[in-house]
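**Student:** I would like to see how this sequence folds:
(chains A and B)
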Amino acid sequence: MDTAVTVRGLRKRYGATVAVDDVSFDVAEGEIFGLLGPNGSGKTTTVECLQGLRRPDEGTLSVFGFDPRTEPAQVRRVVGSQLQDSALPERLKVWEALRLFSVISPGGPPWERLLDEWGLTGRRNTAFGDLSGGQRQRLFIALALISEPRLVVLDEMTTGLDPAARRVAWDLVAAVRERGTTVVLVTHFMDEAQRLCDRLAVLLDGHVVARGTTAELIASQHRSSVVRFTAPAGADLGFLPLVAGVKEVPPEHGGEVTIVGDGPLLARVAHALVDRGIEPENLRVELPTLEDAYLALTTTTTPMIEVES
Amino acid sequence: MRALGEMTWVELKLFAREPLTVLFVLVLPVVILYVLNGVFGSQPPDPTVWEGFGAVDFYTSSYVALVAGTVGVLSIPVHLAGYREQGVLRRFRASAISPTTLVGAHVVVATLTATVGAVLLSTAAILGYDATPPRDWPGLIAAFLLVALAFGALGALLGFVLPTARAAQGLGVLLFFVFMMLGGAGPPREVLPTAMARIGDAIPVTYAGDLMRGPWLGKEWDLTAAAIMLGLLLASAILTMWRLRSEESM
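**Tutor:** Okay, the predicted model is just below:
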């Protein structure tokens, strides 16, 4: 797969504050790449440098072969963006916004089609100030796509949305990728990243502390999984610590048995139980989530983890 | 060029949807002209006030200057500062709308609006109160354009320097009243106390009125006023460019 974005050794400071310190990553064409990290970790500054909205102090950047520093006009032609804390004039109507942006960034489909595609036809004559949060996001995404860009940057697009609107926004991002557009997604919601991102980088205090696919990141932090079930009355469970892969069986709590281990733990435990005629109905495995891995990464000081193959 | 045209058209519509600025720019001057004419209109020309002109003749040109000044110090800065505050400016920049295009659109809209206000006001004054019709049309149009562009550029500068729309509105309304009371559109300069007359000498709207009275009333051009308006235009344009450049390189 071709590389859409290359960032090498990016540094940016504001006065005495170092916002981004030696950040490097690649984004492959056609993937959804996530930039994760707590507030103030340098995510937004990084994508703003990518879009030529800020001038980096050091480092090399390339967006489809264009340098945002020296060729900002070319970069903006291939990048569509949804910016954090951005807005449109309160009294600008939906159709006027689409028309204006299509004139300014020509090359895309007729704007009327985007109105349809993003479910804004009914809001055609509504002023930006009167749109709901979800409708604004849809308009922003439609505007980001107006020139058929090859890369779309979405910066905290679901912040401030209610759960239902977030789901809708996720479907929209997936739909953008279906069109073959590369997506850089900046977020601090782990469920969002886990669901959408093919690969991601975690930023902390301006550094990349981890990079890789979601599964790789989780595996790098949590090798164990946990199996739980409710023990039938009088069952002898003394065999459990001997099952392959089991590392620990903590004392049970109100009939709830917990088994910590690695490998295909659920299958092995289930096999052992069924062998002995024990068939608990709520046997289940709890896999570590991206959120667990993220918290482990961002709350302890760990050295850079390189999990990419 | 197409971007500038589209942007101008959109901004023009947005301006028309903003009741406050429409009120200040198009309605209020006509109302005040009506009141002042009721008070002073019947007085014969008096050599000790209004530079010896009739009250209506003097005030009409002053109010045309005031309209252009109001667009500049009130409507443009409120719009632009609001854009920066809400992130509209960032949104535009990310979509390759340069701030220069935006400023250009605003100055065009400001000039058009000021023209509408000026035509409204002078028509009311000429038809309703027997004000003298312009003597030198091309000269008056040139003088008016210089005035409108200079105030437009000043407005762009204020819009990019002031931090919030609220600050811009506060300063804009304050300047509007100072312009109106002390810049030739209020009590005659000749009867103002010295300190206030000095303030009047320091504000650009005074010179804008002086500049337009020349061609309007068929007297000599006020070259000092022309130089001051030209200076205001150039200084504002250069400072705005400088301000935008320092922002771009952040």
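
**Student:** what is the mean pLDDT for the strand or helix carrying B:V10?
**Tutor:** Following DSSP states H and E, the helix or strand that holds B:V10 is helix B:2-16. When pLDDT is averaged over helix B:2-16, the result is 89.

**Student:** for that helix, packing partners?
**Tutor:** helix A:94-104, helix B:19-22, helix B:76-86, helix B:99-123 (3 or more C-beta pairs under 8 Å, 6 or more residues apart in numbering or on different chains; DSSP states H and E). The C-beta positions use only the backbone N, C-alpha and C, and glycine is treated the same way.

**Student:** of the ones you listed, which shows the lowest average pLDDT?
**Tutor:** Taking the mean pLDDT of the helices and strands packed on helix B:2-16, helix B:19-22 comes last: a mean of 77.

**Student:** residues in contact with the residue lying closest to B:P99 once chain neighbours are set aside?
**Tutor:** For B:P99, ignoring the flanking residues on the chain, the nearest one in space by C-beta to C-beta, 6 or more residues apart in numbering or on different chains is B:L244 at 4.9 Å. The contact partners of B:L244, taken as C-beta atoms under 8 Å, 6 or more residues apart in numbering or on different chains, are B:P99, B:T100, B:V103, B:F160.

**Student:** what separation do you get for B:L244 and B:W50?
**Tutor:** For B:L244, the distance to B:W50 (C-beta to C-beta, to the nearest Å) stands at 41 Å.

**Student:** and what of B:G231?
**Tutor:** 26 Å.

**Student:** more crowded one of those two?
**Tutor:** B:W50 (22 against 13; other C-beta atoms under 10 Å in any protein chain shown).

**Student:** backbone phi and psi for that one, please?
**Tutor:** phi 50, psi 40 (degrees, to the nearest 10).

**Student:** for it, give me the pLDDT.
**Tutor:** For B:W50, the pLDDT comes out at 77.

**Student:** same deal with A:V186?
**Tutor:** 93.

**Student:** that one should be in a helix, yeah?
**Tutor:** No. Read with DSSP: H, G, I helix; E, B strand; the rest coil, A:V186 is strand and lies in no helix.

**Student:** what's around it, how many residues?
**Tutor:** Neighbour tally, A:V186, other C-beta under 10 Å: 24.

**Student:** for beta bridges, what are the partners of it?
**Tutor:** A:L35, A:D155 (DSSP bridges).

**Student:** so it sits against A:V152, correct?
**Tutor:** No. Using C-beta atoms under 8 Å as the test, A:V186 is too far from A:V152 to be in contact (11.5 Å).

**Student:** now the contacts of B:L244: which count as buried?
**Tutor:** Neighbour-count burial (16 or more other C-beta atoms under 10 Å in any protein chain shown) applied to those gives B:P99, B:V103, B:F160.

**Student:** test my guess that the first one contacts B:R90.
**Tutor:** No. Taking contact to mean C-beta under 8 Å, the distance of 10.6 Å between B:P99 and B:R90 leaves them out of contact.

**Student:** for chain A, what are the nearby residues on chain B?
**Tutor:** B:2-3, B:6-7, B:10, B:13-14, B:17-18, B:82-83, B:86-88, B:90-91, B:93-97, B:249-250 (C-beta under 8 Å from any C-beta of the partner chain).
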